[in-house]
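Chemist: Need a 3D model of the sequence below.
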Amino acid sequence: MLFLRKNIYLLLLSFLITVFNAECFCQPDVKKNPCPIDADIWILAGQSQMAGAGRTPDTTSNPNIWMLNMDGNWMVAKNPLHRIFEATAQAFEKDFFELLPDSMKDWDKAHAQFQMLAQLSKTNPVGGVGPGLYFAMHILEQTGRPVALIPCALGGSKMEMWYPEKRTEGNNSLYGAMLNKINSVNKEKIKGFIWSQGESEAMMLKTGNYEKDLLRLIESVRKDVGKPDLPVILIQAGRFITVNPAMDKTWEELREIQRKVTAESKNVYMTSGIDLPLDDCAHISTDGQKRLGKRLAEIALTYVYNQPGHAKQISLESIKMCKDEKSSSNYLHLHYSGVCGRLSACCRPSQFSLRINGEARIEYVVSKVEFDPNDDAGINIYLSGVPNQPATLICGDGVNPYMNITDSLDNPVPAFGPIDIPLE
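Modeler: Model prediction:
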């Protein structure tokens, strides 16, 4: 029963979206609360994929990896990192209530339940497994540098809850609560910001402003940290096992926005967990989170710690229409930059789709996908026929795509599209 109760609340935090108007509060003075050890500090923020919902418990810890718990106390980092029911910042209970469905909008009952879980969490921490600890473990292993994590994520949180102008609300907003934690530590020790969010907007079919909002968030975090080039690592939106044509479109839009932002703002990088196993309809399992954490660390090791031999940002570099002389079939040759070693897949390579005027056409489909034998960073997308009008290509279409292409360091190719393709 306890296990079921925990997971019901994790799912509520992730999926139940409604609207609630919060009061505005002035931001209080922040007391200094430096990490007890000399460590590189990383900020973890966003929604449930960052907060974590991996169901298999993992009590791994290391005395050189610390976390600023949500009760304001430093401790050796242990899962769950995001113990929201222990949070002293009012934003977590307030926004938890906001994310409940209308049928559960009884403040007294919700508050009593929150307080009950808060007491439980002190002895049996409530929450799931996310990527943060495994990120820190790989950084420590490869650099020898201790790591301190600042968990700030809330499952289900909407971008509007992270609007920078809410900094004046202090602990009554997610952004203000995050900023208070940032201001309490030695900001010179902050190495980067890891962000995983946007699924709420895709679910609500409200991705129209997400690119602008994400760029503004990145700029504001950098300004508030006092580092205009602060490294930012994004986690591209993963899978959601459902059938919803409207969400198919917004999920694709979200992933494409995240991909584009890495080119629009300096020192912004991205990796993905779209190919990793799930524990429910949307959340990566504990084993998957271990791989995701390492992927994030590999990007940081290359671009933040400047260590050679680690993963790079994989980006689609070019698309060229070609012809197979043996079969007379036409294919698109995709070449990626940032590939370490060679691209490969455990089974049939990732899902690619062709569209004409935004729709799939049976006479023009992707018939097969093969790795180019002469290009370690190349993929050949065979077509049943060359469209006679403008067409687009998508990698990882819809809410629940089949994706499995990685390089030799387990870094995945990103989902993209729809993007225009050459017809000759």
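Chemist: and residue 328, how many neighbours does it have?
Modeler: For residue 328, the count of nearby residues is 7 (other Cβ atoms under 10 Å). Placement of C-beta: from N, CA and C, glycine included.
Chemist: From residue 365, how far off is it?
Modeler: For residue 328, the distance to residue 365 equals 17 Å [Cβ to Cβ, to the nearest Å].
Chemist: surely residue 365 meets residue 383?
Modeler: Yes - between residue 365 and residue 383 there is a contact under Cβ atoms under 8 Å: 7.4 Å.
Chemist: For the two, indicate the residue with more neighbours.
Modeler: Between residue 365 and residue 383, counting by other Cβ under 10 Å, residue 383 is the more crowded of the two (21 against 14).
Chemist: Quick check: beta-bridge partners of that one?
Modeler: In this structure, residue 383 bridges to residue 366 when assessed by DSSP bridges.
Chemist: Quick check: closest non-adjacent residue to residue 221.
Modeler: residue 193 (5.4 Å; Cβ to Cβ, 6 or more residues apart in numbering).
Chemist: can you pull the contacts of that neighbour?
Modeler: Going by Cβ atoms under 8 Å, 6 or more residues apart in numbering, residue 193 touches 42-43, 45, 218, 221, 225, 230-233.
Chemist: following the host helix or strand of it, which helix or strand comes up?
Modeler: Residue 193 belongs to strand 190-196 when elements are defined using DSSP states H and E. Per DSSP H and E, the first helix or strand lying C-terminal to strand 190-196 is helix 199-203.
Chemist: Tell me where the model's unsure across the stretch 101-250 of the chain.
Modeler: For the stretch 101-250 of the chain, no stretch is flagged by pLDDT under 70.
Chemist: At which residues are the strands of it located?
Modeler: Secondary structure of the stretch 101-250 of the chain (DSSP state E, counting those that start in this stretch): strands at 147-151, 190-196, 232-236.
Chemist: So which of those is the most surrounded?
Modeler: When you average the neighbours per residue for each of the strands of the stretch 101-250 of the chain (mean count of other Cβ atoms under 10 Å), strand 147-151 leads with a mean of 26.
Chemist: In stretch 36-54, which residues are buried?
Modeler: 39-54 (16 or more other Cβ atoms under 10 Å).
Chemist: now do the same end-to-end measure for that stretch.
Modeler: 29 Å (Cα to Cα, to the nearest Å).
Chemist: what's the nearest residue to residue 294 if we skip its chain neighbours?
Modeler: Spatial nearest neighbour of residue 294, chain neighbours left out: residue 138 (4.9 Å); criterion: Cβ to Cβ, 6+ apart.
Chemist: wait, the one you found sits on residue 293?
Modeler: Yes - with contacts counted by Cβ under 8 Å, residue 138 reaches residue 293, the gap being 6.7 Å.
Chemist: Isn't residue 250 up against residue 201?
Modeler: Yes - under the criterion of Cβ under 8 Å, residue 250 makes contact with residue 201 at 7.3 Å.
Chemist: intersection of neighbour lists for those two?
Modeler: Counting by Cβ under 8 Å, 6+ apart, the shared contacts of residue 250 and residue 201 are residue 207.
Chemist: ok so, going back, could I get the strands of the stretch 101-250 of the chain in JSON lines, plus columns for distance to residue 258?
Modeler: Below are these laid out as JSON lines (distance: least, Cβ to Cβ, whole Å):
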{"stretch": "strand 147-151", "distance to residue 258": "21"}
{"stretch": "strand 190-196", "distance to residue 258": "9"}
{"stretch": "strand 232-236", "distance to residue 258": "5"}
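Chemist: now the helices for the protein?
Modeler: For the chain, the helices defined by DSSP state H occupy 2-15, 48-51, 90-98, 107-123, 132-143, 174-184, 199-203, 210-225, 245-264, 286-303.
Chemist: Check which helices and strands the fifth one is in contact with.
Modeler: Applying 3 or more Cβ pairs under 8 Å, 6 or more residues apart in numbering; DSSP states H and E, we find helix 132-143 packed against strand 40-46, strand 65-68, strand 147-151, helix 286-303.
Chemist: go with 10 Å
Modeler: strand 40-46, strand 65-68, strand 147-151, strand 190-196, helix 286-303 (3 or more Cβ pairs under 10 Å, 6 or more residues apart in numbering; DSSP states H and E).
Chemist: So which bits of that helix are buried?
Modeler: For helix 132-143, burial by neighbour count (16+ other Cβ under 10 Å) applies to 132-140, 142-143.
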